[in-house]
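>>> coords below, sequence missing:
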């Protein structure tokens, strides 16, 4: 069944029928509970990569007791190999703003923020113009909701939701201890819904088309469509909206250059899948289809046989060593040890068996790091070292 | 509704209060979970990850210090997964740490070393990271040495400097492998707003922040027969030193301390409490003079409230942060510096010694005193008034190096001259003590009667509340002070510079109309000073405070103006409070400093 699954393209996100005013005014006529139920039954999950059920997040924030609440759109798109949010915000920003406003209506928040990646500064002016127009309409329909753009400064860690909030509050971008979670105590200590840009764009689709249409796409546990940022050794790099649940085999068939050696799914913090496992790998959130299932923020990097997997890993680790916020031990020191460790093995200064010690270290990092950054270094490290051990040593 | 929840710790079912963290709940059940970045004085950081525990049903481990207990939680504090992870983390910290323990000042009192020993980290498989970094040691401050190669980035110092002290001289910069604790624009510690209070030293788990020690210098002068070496000991030292000697916090060791110092070879062992009493005479007179000028002469140039000036950390803080209030600070030197100035004048004359050959050493619970002694204003005797300042910890090192069995020493009394003191002098060591001592004397001067408190204990100014206020109504004063009749003297006491800021902001905004403010830079006052034994925490400081007040209660004389040596020094040398000699030797001025 799953083996015969074919790659299905979709076109929701970028199809612009310029109907946001209608969607917004219709939505706020409905009861908040009805909108939440719609979102829950769509089974939409966060598209930033972590995959938390969006409807549940909104529900928790709606139930939190506070006069002041916030909606934040996480546009700190920093995962290496992803560039979809930039396109959403330049092509269909109104969808994102509308979903934020509806979320504000549901939860009782009157203020939204877009945390825009520092490198996307060029989008700021245009985005502000769009926001002006949007707020004007909100006023017209008597919806009390404002949106501001907050510029990030370029740190990868600030894409982590609580580090993002620290950064917005003027502190160092360092992840907080959880609990409490943002839905209870987020920005400025107030209940906050923070969603990825694409998640909000999908919420728009659901408010427009209804939950069923979304739910009917994809597979169990992984409903709907997803944007994929395709890069690397491919004849057709770009952004594609595809149904979830596809097998990596089909994906490579479509996007590979005939010599695909491996695919990095989910960016530097994701997994590397070697050719021999393409067949068994499905792109989705959880639950096994035929083999491994890979959650993803949408970054798909293809590597052909000319690429050294050692160099790929070295590159990722250098990235993590620099982009760790540095506060917690496993991440700050762990990333340094992993990078220097594979270099030492490559140079023959440490025996090949040292790789096993490093693999155990990544396990500790996964168990003990304070946030998703340090926890997910293990993903690329173990999947590359285990599948391409020879390349690490020789 | 019950406030208790049910959890299990290592399989044992227990009922605990809601809102407890896993760490606190485990501690109550007698289970110790190792920590590094956690400190009872500070907010929870949860960044070292040493305290991770396993929650059954969760793949990831949780930081016990930062995770609240929840109903039904099943906690494992020592599972194999926990142990292996914890060991990894200790190994990682050691790989980043200059673990040359034998050459470290904190060797033997280092939390990382203890952990490494507890987990028997016998090999270092991970690569040494120290050689990859360009560490330099910042030893430009006269008080504090900062060695980043020993830093484990727990940020206890940063939280101390921000939360307890509100100074923010230390902060985090850079990220990833470059992340470090540094100062504004990475300037040296002597060039930034650091007050030298040493609370960072007291809260550092390793040897990354230590006091600048003068142990060798002091040994050298003690053994030099040409030098007459005198030593003064601050009030808080006698209630802290015992901890370094293996005694319980709050043990009073005054007599043993004097005995030990004599055995070390000091020529005269004297008491800073004597100049504490002298401070009361000078500062009390200053307060009453200012009140008179303000109330009788209607002199608009008189600045009130008057603030104390005993704490050099506070002085440096106000010089940076509220320079417009420098004229509100008492011009009195601190007791240490009064002592130093008198040692090479009054004492030298009385003992017929050439001040050139006198070396004056002080034992202080404080690192800022090292900085204070080095201030250019502190040469009024014609020499450097105080030559060497040692912390309580350094004195303990001297005692240990000399091989003395401290606990077997027979208590001895301080020498004379400048060794007689009162209970009022002793309580300078606790927050509120200067205020209480000043009130005991000033009230009696003004009214001719003792302060209207049971057994002279002015309890409203005691305690460990961050800011305390008290009002004393002056009734039926003697003729000379008749203008004070009916006046309510408004006083405030603050300890810890974050609390000092609260008081100063209240004064600045006009919300507070105090007459007299006592400020001590360190939490608990000098007894919680940056030079006191490590560790420190609220319970330990409470014990030390109890000891200080017990010491006061046991003194035969408890009011500064009743100290016979005080009467004598005014008769023989100073003539009168705020007189010409006092002005020259015992008073000073302050400097406006920039914040950056």
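Nice, I can see it. Quantities reported herein were computed from a predicted structural model and do not represent experimental measurements.
>>> which elements pack onto the one helix or strand residue B:220 maps to?
Here residue B:220 is covered by helix B:215-222, with elements defined by DSSP states H and E. Helix B:215-222 is packed against strand B:358-364, strand B:388-391, helix B:392-401, with contacts defined by 3 or more CB pairs under 8 Å, 6 or more residues apart in numbering or on different chains; DSSP states H and E. Every residue, glycine included, has its C-beta placed from N, CA and C.
>>> ok, now which ones touch residue B:468?
By CB atoms under 8 Å, 6 or more residues apart in numbering or on different chains, the contact set of residue B:468 is B:432, B:460-461, B:492-494.
>>> distance of it from residue B:525?
Note on residue B:468: its distance to residue B:525, by CB to CB, to the nearest Å, is 12 Å.
>>> also residue B:363?
Distance, residue B:363 to residue B:525, using CB to CB: 17 Å.
>>> can you check the pLDDT for the closest residue to residue A:156 other than its chain neighbours?
In this structure, residue A:156 finds its nearest non-sequential neighbour in residue A:323, 3.8 Å apart by CB to CB, 6 or more residues apart in numbering or on different chains. If you check residue A:323, the pLDDT there is 96.
>>> need the contact list for the one residue in chain B that gets nearest to chain A.
Distances between chain B and chain A by CB to the nearest CB are smallest at residue B:179, namely 2.6 Å. By CB under 8 Å, 6+ apart, the contact set of residue B:179 is A:324-327, A:332, B:153, B:172-173.
>>> how is chain B carved up into domains?
With domains defined by automatic domain parsing, chain B comprises B:4-78, B:92-211, B:215-274+B:336-408.
>>> please tabulate the ones you listed in TSV, including the columns distance to residue B:292 and mean pLDDT.
Formatted as TSV, the domains of chain B follow (distance: least, CB to CB, whole Å; pLDDT from 0 to 100):
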stretch	distance to residue B:292	mean pLDDT
domain B:4-78	42	96
domain B:92-211	33	96
domain B:215-274+B:336-408	23	97
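>>> comparing these, which comes out most buried?
Compared across the domains of chain B, domain B:215-274+B:336-408 shows the largest average neighbour count, a mean of 22 (mean count of other CB atoms under 10 Å in any protein chain shown).
>>> and that one, how far out from the chain's middle?
A distance of 17 Å separates the centroid of the chain from that of domain B:215-274+B:336-408, by CA atoms, centre = their mean, to the nearest Å.
>>> repeat for stretch B:101-110
The chain centroid and the centroid of stretch B:101-110 are separated by 22 Å under CA atoms, centre = their mean.
>>> which members of the contacts of residue B:179 are positioned in strands?
The members of those that map onto strands under DSSP state E are B:172-173.
>>> residues from the stretch 251-394 of chain A in reach of chain B?
Proximity of the stretch 251-394 of chain A to chain B, by CB under 8 Å from any CB of the partner chain, involves residues A:320-330, A:332-337, A:340-341, A:344, A:354, A:357, A:360-361, A:364, A:366-370, A:375.
>>> would you mind checking those residues for buried ones?
A:320-330, A:332-337, A:340-341, A:344, A:354, A:357, A:361, A:364, A:366-370, A:375 (16 or more other CB atoms under 10 Å in any protein chain shown).
>>> restricted to helices, list those.
A:320-323, A:329-330, A:332-337, A:340-341, A:344, A:354, A:357, A:361, A:364, A:366-368, A:375 (DSSP state H).
>>> pull the number of nearby residues for the closest residue to residue A:78 other than its chain neighbours.
For residue A:78, ignoring the flanking residues on the chain, the nearest one in space by CB to CB, 6+ apart is residue A:156 at 4.4 Å. When neighbours are counted by other CB atoms under 10 Å in any protein chain shown, residue A:156 registers 25.
>>> that older thread, now the residue of chain B closest to chain A: how far from residue A:299?
Counting by CB to CB, the gap from residue B:179 to residue A:299 is 26 Å.
>>> ok, now residue B:467?
From residue B:467 across to residue A:299, the span is 54 Å (CB to CB).
>>> and the strand or helix carrying residue B:94, what other elements does it pack with?
Element membership for residue B:94 (DSSP H and E) is helix B:80-96. Counting contacts by 3+ CB pairs under 8 Å, 6+ apart, helix B:80-96 packs against helix A:329-346, helix A:354-368, strand B:52-55, helix B:111-118.
>>> which one of the domains of chain B lies closest to residue A:263?
For residue A:263, the closest of those is domain B:4-78, at 25.3 Å, according to CB to CB.
>>> next SSE downstream of the helix holding residue B:220?
Remark: after helix B:215-222, the chain's next helix or strand is strand B:228-233, criterion DSSP H and E.
>>> quick one on the thing from earlier: need the helices and strands packed on helix B:215-222 in TSV (columns: distance to residue A:249).
Listed next are the helices and strands packed on helix B:215-222 as TSV, based on distance: least, CB to CB, whole Å:
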stretch	distance to residue A:249
strand B:358-364	75
strand B:388-391	70
helix B:392-401	68
